[in-house]
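Asker: I would like the atomic coordinates for the input below:
(2 chains)
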Amino acid sequence: MMRLFLVESPTKAKTIQKYLGKDWKVLASMGHIKDLPEDELGVDLKTLEPRYVFVRGKRKVWDQIKRTAQKCESIYIGTDPDREGEAIAYFLWNLLKPLGKKLYRVRFYEVSKEAITLSVQKPEDSPNMNLVRAQMARRVLDRLIGYLLSPKLWVYLKNNRLSVGRVQSPALRLIVERERQIRQFKKKKFYYIKAVFEKNGHTFHLIWDYRFEKPENAKPYLEKLKSVPFEVERVVRGKVKKEPPKPFHTANLQAVASQKLGVGVDKVQKLAQKLYEEGFITYPRTDSLRMDEKKAQEFMNYIKKTLGEEYVGTLRKFKEKPTSQGAHECIRPVSLDRSPTGGVEEKLFTLIMKRTLASLASPALLEKTDVVVVPLCEPRMEFKGQWQRILFDGWLRIEEEELDLQEPPPLSEGEILLPKKVTLEERRTEPPPRYTEATLVKTLEKLGIGRPSTYAQIVKTLKDRGYVTEEKGVLKPTPLGEQVLDFLEKYYPRLVDYKFTAYMEEELDSVEEGKDWKTAVRYLFRAVAPEEELPSSTS
DNA sequence: CAGTGAGCGAGCTTCCGCTTGACTT
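Answerer: Now for the predicted structure:
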């Protein structure tokens, strides 16, 4: 008699099928099977009880699973061990229960033969209901906010296609707020004095770190400095370690790759998905920085073989963010033996490979030199400069990161110098830069807004709604986007308050520890929309 | 009798997050 094993993704199913062999049938749910209905609220406002229906097109998937299940003696549900995966497991469990077969929930944290076999040997008797309820809490709160508050906006701005949401609205605020900072920003010119020296054919300059508002103010100093010798007061050399970068996860990869390859984050995600499906890289939607120990060892051996022992670093453990769900590994090559050839795909793979290897390589060692030179006159003006050079390149050798490095000037303390020239430099203060898709995604991740599978989607939603435009990769709010934010700041300020959204996360997370999910949702929704009528629980 | 306006109801729209492949632009 066969046994059935269920996972979320077909690619994973194929791999696991190979590990488990012929006595098993491995099928994929393709994500969520059941969800709230699309065309109505789907939540009872009195009881907060959600009404779940088949996701469009998933009835077929379920039929296939059911047919197979009937032929099997037992069923193992191996969806991802995170909040969403647990919810998928729960719905599968409820659908399968009537079949009267033996049901198990299994968890594994990497797709390897050992991990799968072990999980099957130690199955659990039910889904983790705290995790399931935590997912429901988020789902229902997001639905209430989205479907009850968006219509307010339709009335207010007379446009039935507008939307607000727990994720998109704070993202909109980031972009609008930055635009307002830029608009208010007054560019200010300022001036500073630069002294150029030459020694042994080595030309270098030092700067007096004092800002003049008007060039006239600098004049007396400039005059004085023209004919004055300088004394080298300090030459301080120190060694600085430059640690290797962390490996990639989704947010990181989108930010770095879209910048380096000059493509949008959605394109990066599509390419990564393709590399994943072709077996070149690990799962591309992850918030984990974890790396399989054996794989890391293999990569380090490769570094040793190609660059030498001294380039081998360590496998570091990174503190997982509280939002991290830990179901996957970082994004890394599956193997160094196979790589795609040609096109942007190869470039993306190379980027991932280099970052992966670099993360396991040894730190670079830099020599930092601080120089202070003082003119022999009053008042005391400290001219400073800083140089860095590489003593040992370490991981830099792999990533080939461009560093602005120059040889320090050959100076020793007490030495007297005559400047070649002393000039007044003009600069202006610059406003903060607008967000690009890449920097927005990074900021969202930092604020804990959104999930790896939706980062690219968030930007698209804001564009689709006409809230922001993108020109030359730069995001700007439209007048409509600004109106929407005005509306939110006026009527639902907490929805666009980063501190409150962080607090919301905390409250929702407490459901995972066993707090009643409906209480949390009711409380949070009331906090966001106090005017909104949400009847108290009657029970 | 033709044209107007109020009132009503139906239909469409909206969230976030998980996953591909079958569609269209």
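
Asker: so, in contact with DNA strand B or not, stretch A:474-493?
Answerer: No. Counting by CB under 7 Å from any atom of the strand, no contacts exist between stretch A:474-493 and DNA strand B, the nearest distance being 11.3 Å. C-beta: built from backbone N, CA, C; applies to glycine.

Asker: Show the average pLDDT along that stretch.
Answerer: Averaged over stretch A:474-493, pLDDT sits at 96.

Asker: what do you get for stretch A:282-297?
Answerer: On average, the pLDDT along stretch A:282-297 is 91.

Asker: Mind listing residues that contact that stretch?
Answerer: With CB atoms under 8 Å, 6 or more residues apart in numbering as the test, stretch A:282-297 has contacts from A:110, A:112, A:246-247, A:249-251, A:253, A:269, A:272-273, A:275-276, A:315, A:317-318, A:320-321, A:323-334, A:356, A:359-360, A:445, A:451-453.

Asker: go on, stretch A:121-131?
Answerer: Residues external to stretch A:121-131 that are found in contact with it (CB under 8 Å, 6+ apart): A:76-77, A:82-83, A:86-87, A:89-90, A:93, A:104-107, A:511-514.

Asker: Can you flag which of these belong to strands?
Answerer: Judged by DSSP state E, the subset of the contacts of stretch A:121-131 located in strands is A:Y76, A:I77, A:Y104, A:R105.

Asker: filter the contacts of stretch A:121-131 down to the ones close to DNA strand B.
Answerer: Residues of the contacts of stretch A:121-131 in contact with DNA strand B (CB under 7 Å from any atom of the strand): A:D82, A:R83.

Asker: Give me the buried subset of the contacts of stretch A:121-131.
Answerer: Among these, the ones that count as buried by 16 or more other CB atoms under 10 Å are A:76-77, A:82-83, A:86-87, A:89-90, A:93, A:104-107, A:511-512.

Asker: Which one of the residues you listed is nearest to A:P409?
Answerer: Of all the buried ones among the contacts of stretch A:121-131, A:D82 has the smallest distance to A:P409: 54.8 Å, by CB to CB.

Asker: and the gap between that closest one and A:P123?
Answerer: 18 Å (CB to CB, to the nearest Å).

Asker: Inside helices: which ones of the contacts of stretch A:282-297?
Answerer: When helices are assigned by DSSP state H, the members of these inside them are A:T250, A:A251, A:L253, A:Q269, A:A272, A:Q273, A:L275, A:Y276, A:T356, A:S359, A:E445.

Asker: residues touching the first one, list them.
Answerer: Okay, so that is A:T250. So, once contact is read as CB under 8 Å, 6+ apart, A:T250 ends up touching A:Q269, A:P284, A:R285, A:T286, A:D287, A:I331, A:P452, A:S453, A:Y455.

Asker: Run through those residues and flag the ones next to DNA strand B.
Answerer: Within the contacts of A:T250, those near DNA strand B by CB under 7 Å from any atom of the strand are A:R285, A:P452, A:S453.

Asker: With adjacent residues omitted, what lies nearest to A:G414?
Answerer: A:V232 (6.4 Å; CB to CB, 6 or more residues apart in numbering).

Asker: Give me the neighbour count for the one you found.
Answerer: Applying the criterion other CB atoms under 10 Å, we find 19 residues in the vicinity of A:V232.

Asker: Is it bridged to anything, and to what?
Answerer: Per DSSP bridges, residues listed as beta-bridge partners of A:V232: A:V373.

Asker: Show the pLDDT at A:S539.
Answerer: 33.
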